[in-house]
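J.: Have a look at this prediction, sequence included:
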Amino acid sequence: MVLVLAIGTASCSTAHSWPAWEGFKTAFLSEDGRVIDRSQADLRTVSEGQSYGLFFALVAQDRVAFDAILKWTENNLSGGDLGKQLPAWIWGKQGENWGVIDTTSASDADLWIAYSLLEASRVWCHAPYADKARALGNLILDKESVEVSGLGLSVLPGNNGFVQSNGTVKLNPSYLPPFMMARFANAWADDARWAHVYLASQRLLLDSGRTGAYPDWVHYNNGQLSLPEDEQRGDYDAIRTYMWIGMTSAGDPITQPLLKQLSPTVALLLKRQNMPEWFEPLNGKVSAERGPAGFQVAMAPFLEASGTPDLAKKFAAFSLKKNDKKAWLEYGYYNGALSLFGQGYTDRLYRFNALGELMPKGKEVKSCG
């Protein structure tokens, strides 16, 4: 039995070559499965990085890396059990000690971990992944969701600090990729809460993007949306919102309304020929500076979906495709993550279907009987 499993793992790991993933791993992934942000003095690992690592490993059919990242995440961020404890947000070095720095959860990471586990169970026909995904999904609903007036049952950015004493709820549109919300609602249809979360996430994306550009954060109070006084911009979080929308299947009913709403952003990018570092959606101000390389690559799927393929190719050219540790270290962890998402998508290494299921290149996903 051990031999059969080893052979199966090896065949999955070599399904196709992805030099960019190998470069990212060389620069940022430890042998035991920790994604390291080397730009920070504490050499921190954030749960977001672990969740992205799981997804990239799945796309690359790199099951060895997938299992290492999963094991490290569960043991170090979730006290040994993802079904009982939400992953802590930050782990790193404090003085001479290594460990959890901030126990607060980050729901974007939790959702991506659950999604990657759910899809890994399909791609590799391994039911225990699906069991872990469901257990974590239940924790997300129980500990990171709340009924929001004007939206419905919504996933908070984390398990602590996002509901104010006056009832104001703080939300982040980039935490809720449409394909992912559709997948959970379909996969776990026996729990009606996921259907409510799916509908609330659609309303949030429509509401928060009405100006034609996305902010990083929004407030809801008594059904009314506003932006936090000290956070009026859309930049390092919001960049992901455009990317997720661009990756969502044209067969998803939310895709075309969202793309239509964002036509002012497409017009601006056609004029500028680059993605700015920030927008201020309420007053229309836009950074004169071009955003970092990862921002450009992140916008390529969005530009493809918006019907501007030539511009999408120009933006995608900012990706780092080679396996070169020094180049990846200079590129940086977050730029690298955005680049892997965007480059992997525009190079057709993966797609999402109308149900939100992951469709990796070169892998015919069959029913697991």
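T.: All right, it came through fine.
J.: So for the chain, the centremost residue is which one?
T.: For the chain, residue 112 is the residue whose C-alpha lies nearest the centre (CA atoms, centre = their mean; 5.8 Å).
J.: quick one: low-confidence parts of the stretch 251-369 of the chain?
T.: Within the stretch 251-369 of the chain, the stretches with pLDDT under 70 are 369.
J.: would you list every one of the strands in it?
T.: Counting by DSSP state E, counting those that start in this stretch, one finds strands in the stretch 251-369 of the chain at the ranges 279-280, 285-286, 350-352, 358-360.
J.: Take those and lay them out in TSV including distance to residue 221.
T.: Every residue, glycine included, has its C-beta placed from N, CA and C. Shown next, in TSV, are the strands of the stretch 251-369 of the chain (distance: least, CB to CB, whole Å):
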stretch	distance to residue 221
strand 279-280	21
strand 285-286	25
strand 350-352	33
strand 358-360	36
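J.: circling back: same question for the residue nearest to the centre of the chain, what's its three-state structure.
T.: Three-state assignment for residue 112 (DSSP: H, G, I helix; E, B strand; the rest coil): helix.
J.: circling back to that earlier point, looking at the strands of the stretch 251-369 of the chain, which is buried most?
T.: strand 279-280 (a mean of 22; mean count of other CB atoms under 10 Å).
J.: For it, name the packing helices and strands.
T.: Under the contact criterion of 3 or more CB pairs under 8 Å, 6 or more residues apart in numbering; DSSP states H and E, strand 279-280 touches strand 285-286.
J.: next one: the strand it packs on to chain centre, how far?
T.: Centroid separation for strand 285-286 versus its chain: 25 Å, with CA atoms, centre = their mean, to the nearest Å.
J.: Okay, now the sheet partners of that strand, with direction.
T.: Paired neighbours of strand 285-286 in the sheet (DSSP bridges): strand 279-280 (antiparallel).
J.: for the strand it pairs with, the distance to its chain's centre please.
T.: Using CA atoms, centre = their mean, the distance between the centre of strand 279-280 and that of its chain works out at 21 Å.
J.: likewise stretch 356-369?
T.: Relative to its chain's centre, stretch 356-369 lies at 20 Å (CA atoms, centre = their mean).
J.: outside of that stretch, which residues touch it?
T.: For stretch 356-369, the surrounding residues in contact (CB atoms under 8 Å, 6 or more residues apart in numbering) are 15-16, 58-59, 61, 119, 121-123, 125, 127, 178-184, 186, 249, 252, 348-353.
J.: and with 6 Å instead?
T.: Here stretch 356-369 makes contact (CB atoms under 6 Å, 6 or more residues apart in numbering) with 15-16, 59, 119, 122-123, 125, 179, 182-183, 348-351, 353.
J.: Quick one: mark the members of the residues you listed that sit in helices.
T.: Among the contacts of stretch 356-369, the subset assigned to helices under DSSP state H consists of 59, 119, 122-123, 179, 182-183.
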